[in-house]
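Asker: I would like to see how this sequence folds:
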Amino acid sequence: MSARQSAIAPPAAAPDVREVHGVCPLDCPDTCSWIVTVKDGRAVTLRGNREHPYTRGALCQKVNHFLEHARLPDRLLWPMRRTGKKGDGRFERVTWDDALGEIAARWRAIIEREGPQAIWPYYGTGTLGMIQGLAGAGRRLWNVLGTSQHHLSICMAAGGFATGYTLGDNRIGMDPEGIAEAKLVILWGANPLVTHHHLWKFVEAARRRGGHVVVVDPVRTRTADQADEHVAPHPGTDAALALGLLHVVVERGAEDQDFIAAHTLGWDAFRERIREYPPARVAEITGLPIERIVALGERLAASRPTAIRIGPGMQRHAGGGNAVRAITCIPGVTGDWRHAGGGAVYDTRSFFSGNWPALWRDDLRPAGTRVLAMTRIGEGLLELTDPPVRSLLVYGSNPAASAPDQAKVRRGLAREDLFTVVIDHFQTDTADFADLLLPSTMQTEHADLHNSYGHAYLAWNAPAVAPPGECLSNTEVFRRLAQALGVTEPCVYASDEEMARAVLDSDALRIAGITLETIVERGWMRLGEPQPWAPLAKGFPSPSGRLEFYSERAAAAGLDPLPTYAPPYEAVARDADAARRYPLALIAPAGPYFLNTEFSNLPALRDKAGPQRVLLSADDAAARGLADGDVARVWNERGEYLARVEVSDRVPRGIVGGAKGHWPKLNPGGTSIAATVMEKDADMGRGAVFHDNRVEVERAAITPEQFREEFAALGRGTKSSEADLDSVPQPLTADVASRTIVRD
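Answerer: The predicted model follows:
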């Protein structure tokens, strides 16, 4: 089949009103199935799919605004070239041919002079689709060219490596729907009522059956409000708590000896490690009362099955990998992996047994190409040599707003000798630094295939409407770029359909009856066995076939082969001087209105979120002469940001809270929380350390009135009539239609 043919053609004459199956593409474990109602070629409503067992008809308050977001008047519609200074955000319209021709010419010169590794394709989780997103888009082209490889380290890397060392697969665990069967539910660093609310119905089902719900989090979140118990350790001490709970289990003789003997490796050594963490020592490390540790340990010892949901936020510190290792070992000691409704879950993407090699074509990559971590972009742009980074291509990411050490990142992006191309929907902070800015399609305008990191379903996204203006899908941009570069490798020109067929070409999927035709027809299909399901009851995908308390692979990587407590860099002050200079540990998780930096320019959600805020305990606020509504400067030696003070009992003394996601240029002061975060790696996978951060807070020079006025003024540029975009011609050309699969 050629790249310009489609096995499933668009309808010859679409009805005036039709419903199109799709799926939310955003960085959330719920991966909701949705239905778009299209009238006269325009998407008029979006709703959750009631037939989907996980979505059940509900979308979150962010995604409920998705159609409004896609029609914002500041949507990028045409390729543009920079006309002003980098960072100023001044551009002029150019043609696609001009833009792609310039990229090709600049890249050919860079490759000839310094080699292809001087080019860094930098991508993030703007879409999680296998075709348009981080899993597939562009990877074949980067392999053929031999560019630097990109390591997606910003979100779940430390915990992913940890589950790999323990369970044998970075993306495997219990089926989250099984939580409904649990007698004890531990939400460890997870806040589902804010970040993935569909999980909560399974938590509630467990509670109706007599289950006990515990939230482990330094901050009292919305989810903690609804739990039966809230346990608040010092940030970054989760590994010590996990080992302390296991100490109680073992002291009570409640370990599952049969499971340990049949399905684990290294128990004798791990048991000795557990004995190093009695409750008294753990209380000293975590700040928790001994009685709380013992009581939860005893409940854990007696509750079968126990289900643990591990959130990615809790592994964003120096010892984050070891924390996830220790937690995923708990069901190995208690035997919960054998039970439906038991075990732990961090990531579920390995429920999808697709043919990744066929999609990625890593066999085309030259040996020895370097790997660059996205959380070290400031270092990469300013310090890397042999070769230095000469060109950056950014898609699905906004590092000027979200990467650590924001000031350093912006210095790197401001290099006049750095040729930067940004593919995006809007002119973000990162886009302001681009030399060329390219407009991309949004989820309702292209085809894509999605698995989930939070449940066991595969989903197909059919394009519902034509793209506005001259927007192109990521895959089409890369096909045209390959052509401009004169690439002759056929696989880089594969259609979206051919790429989908490649990743679905596996025996396991065929046996399950999952083909492109079946998934397109229904919109979604379940992966794995029907509920109740214990995916790891019969063994683990590790080299030994067992859960590995002792990991030879961890040892080979220079790590402790056993889970241990690795103290955070800063979150727990290591010396008196550090505590004096920056006495407050900053926790900045996801908030209810933005998803990473998505939706930060959407007026409805920006207005609800308000400007950046900092939560302070009453004691910490009083010590600094601060009250509710004051404006504070939150700072350390790396940077600072301005925030509205909220005095709250949700944070204990010594901890301050915030929420990530704000665009710096849309907030007073022009910076965000990432300005204070260190550019340093966690213990595993080069993971990020966003929650390993000490700051000081003081009154800002700006008044609350000035702060409010400036916030409102910065947002006025995002407020306009939808009619501006609706009037843009939206032709679905034969060329574009031939490269996508459309199914009502």
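Asker: May I have the residues that are in contact with residue 658?
Answerer: 586-588, 612-615, 634, 643, 673 (C-beta atoms under 8 Å, 6 or more residues apart in numbering). C-beta here means a position set from N, CA and C on the backbone, and glycine is covered the same way.
Asker: Quick check: nearest residue in space to it, chain neighbours excluded?
Answerer: Nearest residue to residue 658, sequence neighbours excluded (C-beta to C-beta, 6 or more residues apart in numbering): residue 588, at 4.3 Å.
Asker: hang on, the earlier thing: could you find the lowest-pLDDT member of the contacts of residue 658?
Answerer: Across the contacts of residue 658, the smallest pLDDT goes to residue 588, namely 90.
Asker: Tally up the residues packed near it, please.
Answerer: Neighbour count for residue 588, taken as other C-beta atoms under 10 Å: 24.
Asker: any idea how far residue 677 is from the residue nearest to residue 658?
Answerer: 8 Å (C-beta to C-beta, to the nearest Å).
Asker: list residues touching both of these two?
Answerer: 690, 693.
Asker: just checking, the residue nearest to residue 658 touches residue 688?
Answerer: No. Contact between residue 588 and residue 688 fails when scored by C-beta atoms under 8 Å: they sit 11.7 Å apart.
Asker: in which helix or strand would I find residue 20?
Answerer: strand 17-23 (DSSP states H and E).
Asker: ok, now which ones touch the residue nearest to residue 658?
Answerer: Residue 588 neighbours (C-beta under 8 Å, 6+ apart): 657-660, 673, 690-691, 693.
Asker: what ranges do the strands span in the stretch 51-200 of the chain?
Answerer: For the stretch 51-200 of the chain, the strands defined by DSSP state E, counting those that start in this stretch cover 80-82, 91-93, 119-123, 149-151, 184-188.
Asker: As TSV, those strands with mean neighbour count would be great.
Answerer: Output for the strands of the stretch 51-200 of the chain, formatted as TSV (neighbours: other C-beta atoms under 10 Å):
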stretch	mean neighbour count
strand 80-82	19
strand 91-93	14
strand 119-123	24
strand 149-151	18
strand 184-188	26
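Asker: Make TSV out of those strands and add mean pLDDT.
Answerer: Compiled in TSV, those are given as follows (pLDDT from 0 to 100):
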stretch	mean pLDDT
strand 80-82	98
strand 91-93	98
strand 119-123	97
strand 149-151	96
strand 184-188	98
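Asker: now the ones you listed in JSON lines, with distance to residue 390?
Answerer: What follows is these, written out as JSON lines (distance: least, C-beta to C-beta, whole Å):
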{"stretch": "strand 80-82", "distance to residue 390": "16"}
{"stretch": "strand 91-93", "distance to residue 390": "21"}
{"stretch": "strand 119-123", "distance to residue 390": "7"}
{"stretch": "strand 149-151", "distance to residue 390": "16"}
{"stretch": "strand 184-188", "distance to residue 390": "43"}
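Asker: closest one to residue 265 among these?
Answerer: Nearest of the strands of the stretch 51-200 of the chain to residue 265, taken as C-beta to C-beta: strand 184-188 at 23.6 Å.
Asker: name the helices or strands packed onto the closest one?
Answerer: Packing contacts for strand 184-188, counted by 3 or more C-beta pairs under 8 Å, 6 or more residues apart in numbering; DSSP states H and E, involve helix 200-208, strand 212-216, helix 290-302, strand 306-310.
Asker: just the ones you listed: most buried one?
Answerer: Highest mean neighbour count of the helices and strands packed on strand 184-188: strand 306-310, a mean of 28 (counted as mean count of other C-beta atoms under 10 Å).
Asker: Neighbouring strands of the strand holding residue 20 in the sheet, and parallel or not?
Answerer: The strands beside strand 17-23 in its sheet (DSSP bridges) come out as strand 33-39 (antiparallel).
Asker: and the helix or strand that comes right after the partner strand, which strands flank it?
Answerer: Scanning forward in sequence from strand 33-39 by DSSP H and E, the next helix or strand is strand 42-48. When pairing is defined by DSSP bridges, strand 42-48 lines up against strand 33-39 (antiparallel).
Asker: I figured residue 635 hits residue 696, correct?
Answerer: Yes. In this structure, residue 635 is within contact of residue 696 by C-beta under 8 Å, at 6.0 Å.
Asker: Tell me who's in contact with the closest residue to residue 183 other than its chain neighbours.
Answerer: Nearest non-adjacent residue to residue 183, counting by C-beta to C-beta, 6+ apart: residue 303, 4.3 Å away. By C-beta under 8 Å, 6+ apart, the residues touching residue 303 are 182-184, 212.
Asker: switch the cut-off to 10 Å
Answerer: Taking C-beta atoms under 10 Å, 6 or more residues apart in numbering, we find residue 303 in contact with 182-186, 211-212, 254, 334, 336, 342.
Asker: Distance of it relative to residue 342?
Answerer: Counting by C-beta to C-beta, the separation of residue 303 from residue 342 is 9 Å.
Asker: Mutual contacts of residue 588 and residue 688, please.
Answerer: With C-beta under 10 Å, 6+ apart as the test, residue 588 and residue 688 both reach 316, 674, 677.
Asker: Give me the neighbour count for the first one.
Answerer: As a burial measure, the neighbour count of residue 316 was computed by other C-beta under 10 Å and equals 33.
Asker: My read is that it contacts residue 685, right?
Answerer: No. Assessed by C-beta atoms under 10 Å, residue 316 is found out of contact with residue 685, at 11.4 Å.
Asker: Name the residues contacting each of those two.
Answerer: Taking C-beta under 10 Å, 6+ apart as the contact rule, the neighbours common to residue 316 and residue 685 are 156-159.
Asker: Can you select the buried ones from those residues in ChimeraX?
Answerer: Here is the ChimeraX command that selects the buried residues among the shared contacts of residue 316 and residue 685 (16 or more other C-beta atoms under 10 Å):
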select :156,157,158,159
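Asker: Looking at the shared contacts of residue 316 and residue 685, which are in helices?
Answerer: Those of those mapping onto helices are 157-159, per DSSP state H.
Asker: Rebuild those as CSV, extending it with distance to residue 537 and pLDDT.
Answerer: Listed next are these as CSV, based on distance: C-beta to C-beta, whole Å; pLDDT from 0 to 100:
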residue, distance to residue 537, pLDDT
157, 28, 95
158, 27, 96
159, 22, 96
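Asker: from these, which is closest to residue 366?
Answerer: Closest approach to residue 366 among these (C-beta to C-beta): residue 157, at 24.0 Å.
Asker: That closest one and residue 236: what is the separation?
Answerer: Distance from residue 157 to residue 236, counting by C-beta to C-beta: 16 Å.
Asker: which among the ones in helices among the shared contacts of residue 316 and residue 685 gets closest to residue 447?
Answerer: Of all those, residue 157 has the smallest distance to residue 447: 28.6 Å, by C-beta to C-beta.
Asker: Test my guess that that closest one contacts residue 687.
Answerer: Yes. Under the criterion of C-beta under 10 Å, residue 157 makes contact with residue 687 at 3.9 Å.
Asker: circling back: so what's in contact with residue 303 and residue 342 at the same time?
Answerer: Counting by C-beta under 10 Å, 6+ apart, the residues touching both residue 303 and residue 342 are 182-184, 334, 336.
Asker: shouldn't residue 301 be in contact with residue 335?
Answerer: No. With contacts counted by C-beta under 10 Å, residue 301 stays clear of residue 335, the gap being 11.3 Å.
Asker: which residues do these two both contact?
Answerer: Residues within reach of residue 301 and of residue 335 at once, by C-beta under 10 Å, 6+ apart, are 254-255.
Asker: Hey, what's the angle from the helix ranked longest in the chain to strand 119-123? Just curious.
Answerer: Under DSSP H, the helix in the chain containing the largest number of residues is helix 96-114. If you take axes from the mean of the first three to the mean of the last three C-alpha atoms, to 10 degrees, helix 96-114 sits at 130 degrees to strand 119-123.
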